[in-house]
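In: can't give you the sequence, but here's the structure:
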């Protein structure tokens, strides 16, 4: 028995050592991606998706604005004073925020929590005032409070506004039509993952409303551990706006948290929204269409070293022999074949999902020369 315990303890120590090493490498990679000019947004996406996400709130303060492509001048602006009187949303926002006690860290002093709740109300009302086309929905505060706790009021205001006009846009229409449309993707995904579960749900006529709170709060309302919430937000901010519905499809599986995230990413690779659109509905969601902005920005914000390398490769191709030129011409198709293999789900590693996310311009953005 002593030997067994010793082996187990040694294995745990080795596992911890490996994770510590990976963590240090990841922090170094994130620092490098942030330090180049322009910032390597594609690398930051990969870091946010892969195991452990962005690791700390300090890192999230630097990376989340990059993932949402929020300009630095916007981040530096001090939030304006909010007038609550005669605001049509104030009473409902106040009621929801007052019911949000469980979203704050246990043991937080009442005075501190109450101060944060006041800031939470101000952020929501401020975003709605700036964007009259947006409509408040119950559950929105669950997303906003996460950004407040991680970023503070100033940064949270800027990022929540960008998020609300893009990723969350479908939920903020005057009706729930677009929200229902996104929920319609759930059953086709489940059918491909687990036909037996799909058939059972169809026979039971449970519908998809059970996943509504998951979707519109990015699971913030239903997850009790704040570490899990921010880890999931890392993932969602780095991905296509419909990724939360893919994550909802893997929830019935009793798997470790990181494995659920990995599975959701792989499902997105294997069954992209374009393949499910006909089964879900004929029109594209607003959030999905606006994702092109982020995707195009990411492809343009590659480090200048990449651009220099491309120029050198093109110059070398011009100066090479005819045989070398043939190889150079073949290279793009080889790279595209690699993407195609990933999309077909021939690899189950999270790297496949990361590859698809980083190269999303192939599907959603205008045709770009992504490969040298």
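Out: Yes, it's here. Small disclaimer: the values here were computed from a predicted structure and weren't measured.
In: burial of residue 184, as a residue count?
Out: 16 (other C-beta atoms under 10 Å). Using the backbone N, CA and C atoms, a C-beta is placed for each residue, glycine as well.
In: for the one 4 residues further on, same thing?
Out: Applying other C-beta under 10 Å, we find 18 other residues in the vicinity of residue 188.
In: Equivalent analysis for residue 92, please.
Out: 14.
In: how near is it to residue 82?
Out: Noted for residue 92: a distance of 15 Å to residue 82, by C-beta to C-beta, to the nearest Å.
In: Tell me who's in contact with the residue nearest to residue 77 when sequence neighbours are not counted.
Out: Take residue 77 and drop its neighbours on the chain: the residue closest to it by C-beta to C-beta, 6 or more residues apart in numbering is residue 158, 7.2 Å away. Shown in contact with residue 158 (C-beta atoms under 8 Å, 6 or more residues apart in numbering): 65, 70, 74, 75, 77.
In: and with 10 Å instead?
Out: 65, 68, 70-71, 73-77, 79, 123, 127, 147, 151 (C-beta atoms under 10 Å, 6 or more residues apart in numbering).
In: I'd like to know which elements the one helix or strand residue 123 maps to is packed against.
Out: Following DSSP states H and E, one finds residue 123 within helix 110-130. Of the remaining helices and strands, those touching helix 110-130 by 3 or more C-beta pairs under 10 Å, 6 or more residues apart in numbering; DSSP states H and E are helix 90-98, helix 140-151, helix 153-164.
In: measure the spatially closest residue to residue 146 that is not a sequence neighbour to residue 46 for me?
Out: Closest residue in space to residue 146, ignoring its immediate chain neighbours: residue 220 at 5.3 Å, by C-beta to C-beta, 6+ apart. Distance of residue 220 to residue 46, given as C-beta to C-beta: 24 Å.
In: What does the pLDDT read for residue 363?
Out: Model confidence at residue 363, expressed as pLDDT, equals 37.
In: Low-confidence bits of the stretch 101-250 of the chain, can you list those?
Out: Counting by pLDDT under 70, the stretch 101-250 of the chain has no low-confidence residues at all.
In: And this protein, split by domain according to the record?
Out: 2-54, 90-165, 293-362 (automatic domain parsing).
In: picking that back up, so how far is residue 143 from the residue nearest to residue 146?
Out: In terms of C-beta to C-beta, residue 220 sits 6 Å off from residue 143.
In: Could I have the buried ones of the contacts of residue 158 as ChimeraX selection syntax?
Out: Typed into ChimeraX, the line below selects the buried ones among the contacts of residue 158, using 16 or more other C-beta atoms under 10 Å:
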select :65,68,70,79,123,127,147,151
